[in-house]
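Q: build the 3D model from these lines:
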Amino acid sequence: MKTVKKLDGSLRARWAVLALIWGLALLLNFLTHYVEDDFVYMVQLVTKERLRTVWDIFPSMAIHATNVNGRLVCHGLDQLFMLWPKAAFNIVNATVSTALLYTLYRLAVGGEGGSAALLAAVALAVWRFTPAFGQTYLWQTGSFNYSWALLLGMLYLRPFVSDFLYGRASPAPLWKKLLLCLFAVPVGSYTEITSFICVFLAAAFLLLGRLVKKRPLRTWLWFPVCAGAAGYLLLLSCPAEQAVKLGGLDLPSLLESFVRATRMLEKYGLSLLCAWAVGMALALLSGCGGEKLWCSALFAAGGVAANYMMSAAEYYPERSFCTTAAMLILAVAILLPELARRGRAAVCAAALAVLAVSTAFPLVTGVYDIWYTHVCVNAREAEIAAQKESGKTDLALPRVVPGTQYSAFWGLWDISGDPNMWVNRNVAFYYGVDSVTGY
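A: Numbering: from 1, shown residues only. So this is what the prediction gives:
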C-alpha cells in the first residue's frame, strides 16, 4: 500500500499521465477534420473571400458583432488559426485540452501534495461525462467556443480559489495585479455562459472569504472582478447579442426553456450531482475542513447555474453543457483528497475504479469512431480529387455518418442532398468547385 501511495504521489507519475493525455489529444486532433462552421470562419465575412492576412479579421469581426454574436475574442482566434495549417491548431488545441484537465486537477488538490490517480480520474470523467465531446474538444470552432473558454475561466479563478483557501495578509506584487486585471477583460468577454459564471464565482469566493473566514475584503482582487464584469458587458453590448440572445423572450418561452434545461441536467448531470451529494455527505460525516467543502459547493452551484442560464437561449445544444459538466466534475474532485485524508481512501479507490471501468468502453468506441470518420473524410477527399481531375465541377459525394458523440461530426451539419444549403455552398467554395451534393 505504501508503494502504491508513493507512486501515486510522485511527480514522474503525474508527468506520465499528462504525457499520455497530451499524446492521445494530439492524435485525436490530427484525426479530426474541418466541419460545418469551420468552413464559414475561413472566409472574410465582408468580402466573402478566403482570409489572407491578420488584418482581414478585424472587418470580419465587425460584421460578426452585428449579425452573429459578441464572441469577438473567441471567433477572432478561430479566424486567426484559419490563416495557418490545420496542424498548428491540432498541436495548440491538444495542449489547451491538457492544460484544462491539469488546471481542473490543480484546483481540486489545491496546494496540498499531488495525485496521479486524481489527475487521471479528472481526464476520464471529462471524457465520460461531457456530452458532444467531439464538438467541445476536437471541432476547431467548437473548441474555441467551449474548451478554450473553460481553460481561460479556470485560470482566471485560480487566484480567487487560492486566496479563499490559503490567503495571506500580504498583497500580491503589482505586476500580478495588473496582469490579472488585463487577463480578466478577454475572459469576461469570451462567451455568454462560461464568462458570466467564472466572474460570478470569483466574486462569490471573495464574499465567502469575508463571511466564513471573517477576512478583510481583498480590495485588489475586486479589480479583476470588475474588469471581468466590464468585459462581459462589452460582450452583451454587441448588437447581435441584443437582437438574437435577448429578443423575443416571454414567460411561456422561458418556462419551456427552463424545463428543457432541467431535462438536460437530468440526462447528462444527474450522476455527477448524485456523486457530489454522496461525497459531500461523507465529507460532513468524516469531519472534513469547511473551506474545501465550501469550495466544492460553490463549483457545484456554478455548474447548475450555468445549465439554467441556457433557459434564456433559443436552443440548447449538448455542447453547451460542457461548463456544467466541468464544474460538477471539479466539485466532486475537490472532495476526494479530503475524503482520502479522513480515512475514506477505500471509498475513493472504489469510486475511481468504477469510473475507470465505466469509461473504458466509451473510450475504445469513441477513439474508433474518430478514426472511422477520419477514414471516411479521407476517402471523400480522394473522391473529390478524382472527380475534379475528370473535369467535373458539380460533385456528388458521400456523407460522413459518425457513430458516437466523440466524433466532431456528431450532431453537426455535414453536406446534404441540397446543393444550395449553406454547408454545401461553403464546402464547394473550400474545394474550388461549383457545387457539392451529399448522398
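Q: pLDDT at Met154, what is it?
A: On the pLDDT scale, Met154 is placed at 97.
Q: what about Val367, how many residues close to it?
A: Val367: 17 surrounding residues under other C-beta atoms under 10 Å. Glycine gets a C-beta too; all of them are placed from N, C-alpha and C.
Q: show me what the helix or strand hosting it is packed against.
A: Element membership for Val367, per DSSP states H and E: helix 345-389. Counting by 3 or more C-beta pairs under 8 Å, 6 or more residues apart in numbering; DSSP states H and E, the packing neighbours recorded for helix 345-389 are helix 11-30, helix 116-129, helix 322-341, strand 394-397.
Q: one more time with 7 Å
A: The contact analysis (3 or more C-beta pairs under 7 Å, 6 or more residues apart in numbering; DSSP states H and E) places helix 345-389 against helix 116-129, helix 322-341, strand 394-397.
Q: name the stretch among those that sits most buried.
A: helix 322-341 (a mean of 26; mean count of other C-beta atoms under 10 Å).
Q: I figured Tyr268 was touching Arg319, is that so?
A: No: Tyr268 is beyond contact range of Arg319, at 11.0 Å (criterion: C-beta atoms under 7 Å).
Q: which one of those two has more residues nearby?
A: Neighbour tally, Tyr268 and Arg319, criterion other C-beta under 10 Å: the higher count belongs to Arg319, 23 against 20.
Q: the more buried one contacts Gly134, correct?
A: No: the pair Arg319 / Gly134 is not scored as a contact, 9.0 Å apart, by C-beta under 7 Å.
Q: adding distance to Gly153, write the helices and strands packed on helix 345-389 out as JSON lines.
A: As requested, the helices and strands packed on helix 345-389 are exported to JSON lines (distance: least, C-beta to C-beta, whole Å):
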{"stretch": "helix 116-129", "distance to Gly153": "15"}
{"stretch": "helix 322-341", "distance to Gly153": "8"}
{"stretch": "strand 394-397", "distance to Gly153": "39"}
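Q: to Ala62, which of those lies closest?
A: With C-beta to C-beta, the closest approach to Ala62 among those belongs to helix 322-341: 27.6 Å.
Q: now Ser189, nearest residue through space, not along the chain?
A: Nearest residue to Ser189 in three dimensions, chain neighbours excluded: Gly231, at 3.8 Å (C-beta to C-beta, 6 or more residues apart in numbering).
Q: remind me what whichever strand or helix holds that neighbour packs against, helices and strands.
A: Take DSSP H and E as the rule and Gly231 turns out to sit in helix 219-237. If you count contacts as 3+ C-beta pairs under 7 Å, 6+ apart, helix 219-237 packs onto helix 147-166, helix 174-188, helix 192-212.
Q: any chance of those helices in a markdown table, plus distance to Gly417?
A: Converted to a markdown table, those look like this (distance: least, C-beta to C-beta, whole Å):
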| stretch | distance to Gly417 |
| --- | --- |
| helix 147-166 | 32 |
| helix 174-188 | 41 |
| helix 192-212 | 34 |
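Q: now mean neighbour count and distance to Leu28 too, for those, in CSV please.
A: Shown next, in CSV, are those (neighbours: other C-beta atoms under 10 Å; distance: least, C-beta to C-beta, whole Å):
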stretch, mean neighbour count, distance to Leu28
helix 147-166, 22, 12
helix 174-188, 17, 26
helix 192-212, 21, 22
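Q: closest to His374 out of those helices?
A: For His374, the closest of these is helix 147-166, at 19.6 Å, according to C-beta to C-beta.
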